[in-house]
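J.: Build the 3D model from these lines:
(2 chains, ligands or ions: 3)
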Amino acid sequence: MQKRNISPNNFEQCVKCAICTDFCPVLKVLPSYPGPKHGGPDGERLRLKNALFFDSNLKYCLNCKRCEVACPSGVRIADIIHSARDRYGEDRPSLRDWMLANTDTMGTLASPFAPVVNGALGLGVTKSVLDGVMKIDHRRTFPKYAGRKFTTWFRREAEAAQAGYKKQVSYFHGCYVNYNYPQLGKDFVRVMNALGYGVRLLDKEKCCGVAMMSGGMFDAARRNAAVNLASVGAAASEGRLTLTTSSTCTLTMREEYPGVLGIDNEAVRDDIVLAVRFIFEAVERGEVQLAFKEGFRARAAYHVPCHMEKLGWSLFTRALMERIPGMELVPLESICCGIAGTYGFKKENYERSQRIGQPLFDNIAQVRPDFVVCECETCKWQIEMSTGVEVRNPISVLAEALDLEATAALNHQ
Amino acid sequence: MNNEYDVIIIGGGITGAGTARDCALRGLRVLLVERGDIADGATGRNHGLLHSGARYAVKDGESARECIAENRILRRIAPHCVEDTQGLFITLPEDEEAGYGLDYQQRFIQACRDAGISAEAMDPREAVRLEPSVNPRLIGAVKVPDGSVDPFKLCAANILDARLHGADILTYAEVQSLILEGSAVRGIRVRKRRSGETAEYRARVTVNAAGIWGQAIVRMAGAQISMFPAKGALLVFAHRVNHVVINRCRKSADGDILVPGDTVTVIGTTSTKIPFEDCDDLNVTPDEVALLLREGSQLCPTLASTRILRAYAGVRPLVAADNDPSGRNISRGIVCLDHATRDGIESFVTITGGKLMTYRLMAQMATDAVCDKLGVSEPCTTHTALLPPTVDNAFTAGTPDGELVCECENVTMGQIRSAIRNFDIHSLADLRRRTRVGMGTCQGTYCVRKAAAALAEAQGSPADARPLAEEYLGERWKGMMPVGWGDTLREMEFMQRVFKAGAPSTFK
Ligand SMILES: Cc1cc2nc3c(=O)[nH]c(=O)nc-3n(C[C@H](O)[C@H](O)[C@H](O)COP(=O)(O)OP(=O)(O)OC[C@H]3O[C@@H](n4cnc5c(N)ncnc54)[C@H](O)[C@@H]3O)c2cc1C
Ligand code: SF4
Ligand code: SF4
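T.: Ligands and ions are numbered 1, 2, ... in the order given. This next block holds a predicted model:
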């Protein structure tokens, strides 16, 4: 008789309870969306019979994975939907998808001319061009490109000192830190140094690929994945974990490389860890000590990004934030903010994107925090644009709340 | 309904349906009676293989020629019921050891060609490319024009077309005796199952197309025919694992055909002689399940870990040759008996044996016999006349008819309503045979309430929704029991949790 009948076709595990349907934010605002159950496990079975069952509305999936978190059967619903778009989606990626998805290329091109680009991206005329030609919604504020890339700063100002630390970690900074918000990377380096860790860059780092996947460019994403996994593996072989500050990059490299791209990452999966989790655990184990500034006061709201929900790691952030004296942390209702990476940037998604996030924006307005804590960069764009409230990564919050010198002294052996 | 006909056909399986259609197309006034729903017998419980004939080529060239001719005709007249999957006959290393190696493969190819069946030897690697799920240990493969056929649709299409040409169709009416006058059969006495009423219908000729139950009908006429009920068990895997039919290139044996049909894959079959009394309530045994799984995994290794939806069984209507009362010499071919020449009973024809996919030829033979008796000389046209669609398919999403009822099988409310309009539907099982509602992964757990409510409402008795649902789930449960482990067990537990309260009778 069968020893197990759980086939590699994970959709078979679905018992059709439809719980996932209740958790899908897209279905709430777009009734023609097939939903996680019918687009995922049901649809996969139908598509195996005939590819014509592929529903092009699946492109509206946010990949928020809230369906997967809810599913009692462990069905990788969003992965199934994503892979189906890879295999059956006949829509070829448009120029716009290239521009949004190739964050690496676009970042590289734009960065040396940041003031010009930022100016241009803020200008009404350019926005209308983007709106008309590229179908990027003109109501969006575009993430600003920083003047100096994180990696440039790191090489010039920080790298030399890193060898002086006994313990070492590698840092997967991601596109956002490198091109749009180097400050977060700097904060990370300062915090890790204070904790007694030297920071190294990976041999080679490429965009994790999440934007490419959501734009339908799966082969390009596979090429990036191969580079990143090789670099993480090389670091691991020298005894370094790879830490991250972005929940999305983390989930992509840990879960989506195997689940969506079909790449086996078993050997290095557990070497990729979000910095908040790493720090929290190190503190718990007594390996590092924290010393906080006196007089730190803040009322912050915590938004759990979808991918953090999927990782199941939000408790690490909360526990770490709650250790900060003077910090009042108000958890927000866990719902999708609606941006889902580059999704909300697309003109056809803008309205829907805002409607999905509206309950969250209302919640924030009600709480009236000094700032919102959140591990995801695209949530940051969305929340800042839609509420005017500043959003900070927990690592930046830590960098501000810690007395770095005192901490360094505690951890100096 | 007038009570006088040219011809009465007993049995609403594929043979009866095809015969009713052929008779109607030739201008006869036709009544078909079926004790249950159409396609309720062997027609609704088989493997759905559109044989190329290759399976019979070595041993029985005549059957092989019959198959390939009908195969070509069905593709033409019923494209909506047939899928051109192609078929592979594979040779495994152990077949070679058992004397069915590549020499046998050569004989097989030659026999196919002699019967007019295209048979093309393939390199094993090429075969894996064509069908990635096939056992990679294969040492040889032959490609033949097998296909799959949807028995429910095919039967319903024949019934609809018969009706379009004036035939009356009476379901849920059981023939209890024949009207005999002297040495002639003049009609039938039926009991309508739902009302309990009895009625008489007269005809100039009566055709017995009652499948395995035809033996009892012949007895009602005062004659004898020895039939051998041969049970065949099958397993339904939860999704389409293969896209090409996979057979073993060796002497036919149990569990050696894997057919992709609609959303699923079916492995079959076994063959066990069973007592007549058991034909109405078939069960699949653990031994049969084990055998099918073992043999299935030889054809396609992933079956060993693929979720199984359910198990079911059917009975082949096999007939012993007339000159062999011992029954050793069983014919798998078509048997068309004119009881006037055989038994001295006038106006009575029996048509049985054969296969699902040779039904048209069987119907033609029976109809020729009927026309002969009636002095009608209209020629048969069923080899060229297209069969109609059975249920409307196109319903716009967002409209009430476009609402999805069964999400596993993608069945809309519009399809359900159209089936209820077009056919005599009394249970969700009837509705399933017309639309596939509840045939998917959850076996009705998700959709049974919606479907039952729609049916009860159409019948004008909304209060019946609950018993309709319970009856259906009970039937589904029976098929799940023999394979109740792994994900299927989880499904059963979930089904039980959702429905148990208030419906204990469903899950005895
Ligand atoms: C396991 C198995 C696998 C098979 N696989 C294939 C295959 O892959 N390809 C293929 O071509 N063939 C296959 N067959 C053969 C095929 O299923 C049958 O040959 C065919 O369905 C027979 O149809 P029928 O109409 O003659 O009989 P049935 O479908 O059995 O119809 C007889 C009908 O008569 C009705 N009836 C009985 N008594 C009465 C009465 N007193 N009054 C009114 N009605 C009555 C019954 O309810 C029944 O509906 C398979 C058979 C089995 C058992
Ligand atoms: S990933 Fe999010 S948007 Fe996509 S189906 Fe699941 S819940 Fe819906
Ligand atoms: S929650 Fe999981 S088991 Fe339930 S319907 Fe959705 S995918 Fe299937």
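
J.: tally of neighbours for the closest residue to A:P31 other than its chain neighbours?
T.: Nearest residue to A:P31, sequence neighbours excluded (C-beta to C-beta, 6 or more residues apart in numbering or on different chains): B:G398, at 7.6 Å. The way it works is simple: take the backbone N, C-alpha and C, and place the C-beta from them, glycine included. B:G398: 10 surrounding residues under other C-beta atoms under 10 Å in any protein chain shown.

J.: you'd agree B:G398 is up against A:S32?
T.: Yes - counting by C-beta atoms under 8 Å, A:S32 is a contact partner of B:G398 at 6.9 Å.

J.: for the nearest residue to B:G182 once chain neighbours are set aside, what are its contacts?
T.: Closest residue to B:G182 apart from its sequence neighbours, by C-beta to C-beta, 6+ apart: B:E346 at 7.9 Å. Applying C-beta atoms under 8 Å, 6 or more residues apart in numbering or on different chains to B:E346 gives the contacts B:G182, B:S183, B:A184, B:V185, B:H339, B:A340.

J.: B:A290 sits in which helix or strand?
T.: Per DSSP states H and E: B:A290 is located in helix B:286-299.

J.: got the buried residues for that helix?
T.: Within helix B:286-299, the residues scored as buried using 16 or more other C-beta atoms under 10 Å in any protein chain shown are B:E288, B:V289, B:L291, B:L292, B:L293, B:E295, B:G296, B:S297, B:Q298, B:L299.

J.: any idea how far the fifth one is from B:V128?
T.: What that stands for is B:L293. Separation of B:L293 from B:V128 (C-beta to C-beta, to the nearest Å) stands at 22 Å.

J.: quick check, B:Q224 in a strand?
T.: No - secondary structure of B:Q224 (DSSP: H, G, I helix; E, B strand; the rest coil): coil, not part of a strand.

J.: and the next element down the chain from whichever strand or helix holds A:T152?
T.: Take DSSP H and E as the rule and A:T152 turns out to sit in helix A:150-153. As assigned by DSSP H and E, the chain's next helix or strand after helix A:150-153 is helix A:159-162.

J.: contact partners of that next one?
T.: Helix A:159-162 is contacted from outside by A:Q168, A:N193, A:G198, A:V199, A:R200, A:L201, using C-beta under 8 Å, 6+ apart.

J.: 10 Å instead?
T.: Helix A:159-162 is contacted by residues A:151, A:153-154, A:168-169, A:189, A:192-193, A:197-201 when judged by C-beta atoms under 10 Å, 6 or more residues apart in numbering or on different chains.

J.: quick one: it to chain centroid distance?
T.: Counting by C-alpha atoms, centre = their mean, to the nearest Å, helix A:159-162 is centred 27 Å from the centre of its parent chain.

J.: got the buried residues for the helix or strand following it?
T.: Downstream of helix A:159-162, the next assigned helix or strand under DSSP H and E is strand A:167-172. When burial is assessed from 16+ other C-beta under 10 Å, strand A:167-172 yields the following buried residues: A:K167, A:Q168, A:V169, A:S170, A:Y171, A:F172.

J.: and what of stretch B:45-59?
T.: Neighbour-count burial for stretch B:45-59 flags B:45-58 (criterion: 16+ other C-beta under 10 Å).

J.: Next, the contact list for A:R47, please.
T.: Counting by C-beta under 10 Å, 6+ apart, A:R47 makes contact with A:G39, A:F53, A:F54, A:D55, A:I80, A:A84, A:R87, A:Y88, B:H239, B:R240.

J.: Switch these over to JSON lines; also include distance to B:N71 and pLDDT.
T.: Output for the contacts of A:R47, formatted as JSON lines (distance: C-beta to C-beta, whole Å; pLDDT from 0 to 100):
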{"residue": "A:G39", "distance to B:N71": "37", "pLDDT": "94"}
{"residue": "A:F53", "distance to B:N71": "27", "pLDDT": "85"}
{"residue": "A:F54", "distance to B:N71": "30", "pLDDT": "86"}
{"residue": "A:D55", "distance to B:N71": "34", "pLDDT": "86"}
{"residue": "A:I80", "distance to B:N71": "36", "pLDDT": "91"}
{"residue": "A:A84", "distance to B:N71": "34", "pLDDT": "87"}
{"residue": "A:R87", "distance to B:N71": "32", "pLDDT": "83"}
{"residue": "A:Y88", "distance to B:N71": "31", "pLDDT": "82"}
{"residue": "B:H239", "distance to B:N71": "26", "pLDDT": "95"}
{"residue": "B:R240", "distance to B:N71": "21", "pLDDT": "95"}
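
J.: how about the helices in the stretch 301-413 of chain A?
T.: Using DSSP state H, counting those that start in this stretch, the helices of the stretch 301-413 of chain A run over residues A:306-311, A:314-322, A:350-367, A:377-387, A:394-401, A:404-411.

J.: got a list of what the nearest residue to B:T412 once chain neighbours are set aside touches?
T.: With sequence-adjacent residues excluded and distances taken as C-beta to C-beta, 6+ apart, B:T412 is closest to B:F395, at 4.8 Å. Contact partners of B:F395, counting by C-beta under 10 Å, 6+ apart, are B:D401, B:G402, B:E403, B:L404, B:T412, B:M413, B:G414, B:Q415, B:R417, B:S418.

J.: mind listing which of those are in strands?
T.: Per DSSP state E, strands hold the following members of the contacts of B:F395: B:L404, B:T412.

J.: most neighbours, which of the contacts of B:F395?
T.: Counting neighbours by other C-beta under 10 Å, B:Q415 comes out on top of those with 27 neighbours.

J.: circling back to that earlier point, only whichever of the contacts of B:E346 are buried, select them in ChimeraX.
T.: To isolate the buried members of the contacts of B:E346 in ChimeraX, using 16+ other C-beta under 10 Å:
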select /B:184,185,339,340
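
J.: and the contacts of B:E346, which two are the farthest apart?
T.: Maximum pairwise distance in those, criterion C-beta to C-beta, is 13.7 Å, between B:G182 and B:H339.

J.: list the residues that contact both of these two?
T.: Counting by C-beta under 10 Å, 6+ apart, the residues touching both B:G182 and B:H339 are B:I345, B:E346.

J.: Closest residue of chain B to ligand 2?
T.: B:E407 (14.1 Å; C-beta to the nearest ligand atom).

J.: what sits against the spatially closest residue to A:H173 that is not a sequence neighbour?
T.: The shortest distance from A:H173 to any non-neighbouring residue, by C-beta to C-beta, 6+ apart, is to A:G185 (5.0 Å). By C-beta under 10 Å, 6+ apart, A:G185 lies in contact with A:149-151, A:153-154, A:158, A:171, A:173-174, A:176-178, A:199, A:201, A:245, A:395.

J.: Quick one: the strands in the stretch 1-150 of chain B, in order.
T.: Along the stretch 1-150 of chain B, counting by DSSP state E, counting those that start in this stretch, strands occupy B:4-10, B:30-33, B:49-50, B:82-83, B:87-91, B:120-122, B:140-144, B:147-149.

J.: Thanks a lot, see you next time.
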